[in-house]
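Asker: Provide a 3D model corresponding to the input given below.
(2 chains)
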Amino acid sequence: DAGVIQSPRHEVTEMGQEVTLRCKPISGHDYLFWYRQTMMRGLELLIYFNNNVPIDDSGMPEDRFSAKMPNASFSTLKIQPSEPRDSAVYFCASSFQLDSTGNTIYFGEGSWLTVV
Amino acid sequence: AQKITQTQPGMFVQEKEAVTLDCTYDTSDQSYGLFWYKQPSSGEMIFLIYQGSYDEQNATEGRYSLNFQKARKSANLVISASQLGDSAMYFCAMRYDSGYSTLTFGKGTMLLVSP
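Answerer: Have a look, this model is predicted:
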């Protein structure tokens, strides 16, 4: 079975450019998450969706970040304009319903973003 | 708020030996789940094992087992018969059962397995 699929795997961009990260969750999963991983802050939840609707975006650092989920099989995380401090690994993850602790959250391979 | 503490930044173990990675958590909730993930150098996050707060037995998955001590609020990962491929970063994570709670992660422990 296909897992969570993210693209691009690696992105190097110049400061000020727009960056779009893409994610395809596991088929049938109701929840989609975007996490960011840095050395300083570890793994942080940015936003998550339930049935394509954003539920909690309190982790989104600022207005430069936006996320959409137009359908059950696709989500994007956009940074515009990008800054060097946005350099991190961005993970997309998905899960079945969250009202049971036994439902595991499965992660994609991550998108490694470097802003120079 | 949830808090996960992994006190060991790095651990070293020889191949074929067992190793325990520590994880403590802070919560006033009675119903929650504890997870361990492995992150090798390639970067992906791999789910290893899950323990529910009401599970009476410690979880096991192959060479992985979870030493769950609810009163002490600890959920240590035990890897038996370490292999070179176990060298990776290991993250403990927690999620509440109430409401729509997502995972909160610890800072991680880097495990290096030597021949």
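Asker: And B:Val113, its phi and psi?
Answerer: Dihedral pair for B:Val113: phi -110, psi 120, per degrees, to the nearest 10.
Asker: How many residues are close by it?
Answerer: When neighbours are counted by other CB atoms under 10 Å in any protein chain shown, B:Val113 registers 20. C-beta here means a position set from N, CA and C on the backbone, and glycine is covered the same way.
Asker: if I read this right, it contacts B:Ser87, doesn't it?
Answerer: Yes - using CB atoms under 8 Å, B:Val113 is in contact with B:Ser87, at 4.8 Å.
Asker: Just the element for the closest residue to B:Phe35 other than its chain neighbours, please.
Answerer: Spatially, and ignoring its direct neighbours in sequence, B:Phe35 is nearest to B:Ala93 (4.5 Å; CB to CB, 6 or more residues apart in numbering or on different chains). Assigned by DSSP states H and E, B:Ala93 belongs to strand B:88-96.
Asker: Name the spans of chain B whose pLDDT lies under the cut-off.
Answerer: B:1-2, B:97-101 (pLDDT under 70).
Asker: need the residues of it near chain A, please.
Answerer: B:31-33, B:35, B:37, B:42-47, B:50, B:52-53, B:91, B:95-97, B:100-108 (CB under 8 Å from any CB of the partner chain).
Asker: Swap in 6 Å and give it another go.
Answerer: Residues of chain B found near chain A (CB under 6 Å from any CB of the partner chain) are B:33, B:43-45, B:47, B:52, B:95, B:97, B:100, B:102-103, B:105, B:107.
Asker: Quick check: the farthest pair among those residues?
Answerer: B:Gly43 and B:Asp97 (29.8 Å; CB to CB).
Asker: which SS state does the closest residue to chain A within chain B fall under?
Answerer: The minimum distance from chain B to chain A, using CB to the nearest CB, falls at B:Gly33 (2.9 Å). Secondary structure, DSSP: H, G, I helix; E, B strand; the rest coil: B:Gly33 is strand.
Asker: I'd assumed A:Val12 was in contact with A:Leu113.
Answerer: No - in this structure A:Leu113 lies outside contact range of A:Val12 using CB atoms under 6 Å: 8.1 Å.
Asker: between the two, who's got more neighbours?
Answerer: More crowded of A:Leu113 and A:Val12, by other CB under 10 Å: A:Leu113, with 21 against 11.
Asker: mind checking how far the residue nearest to the spatial centre of chain A is from A:Val89?
Answerer: Chain A has A:Trp34 as the residue nearest its centroid, 2.8 Å off, counting by CA atoms, centre = their mean. Applying CB to CB, to the nearest Å, the value for A:Trp34 to A:Val89 is 12 Å.
Asker: and if you look at B:Leu66?
Answerer: From B:Leu66 to A:Val89 the distance is 26 Å (CB to CB).
Asker: neighbour count winner among these two?
Answerer: B:Leu66 (24 against 19).
Asker: just checking, what packs against the helix or strand in which that one is found?
Answerer: Assessed by DSSP H and E, B:Leu66 sits inside strand B:64-69. Judged by 3 or more CB pairs under 6 Å, 6 or more residues apart in numbering or on different chains; DSSP states H and E, the packing partners of strand B:64-69 are strand B:46-52, strand B:74-79.
Asker: Could you look over those strands and pick the most buried one?
Answerer: strand B:74-79 (a mean of 22; mean count of other CB atoms under 10 Å in any protein chain shown).
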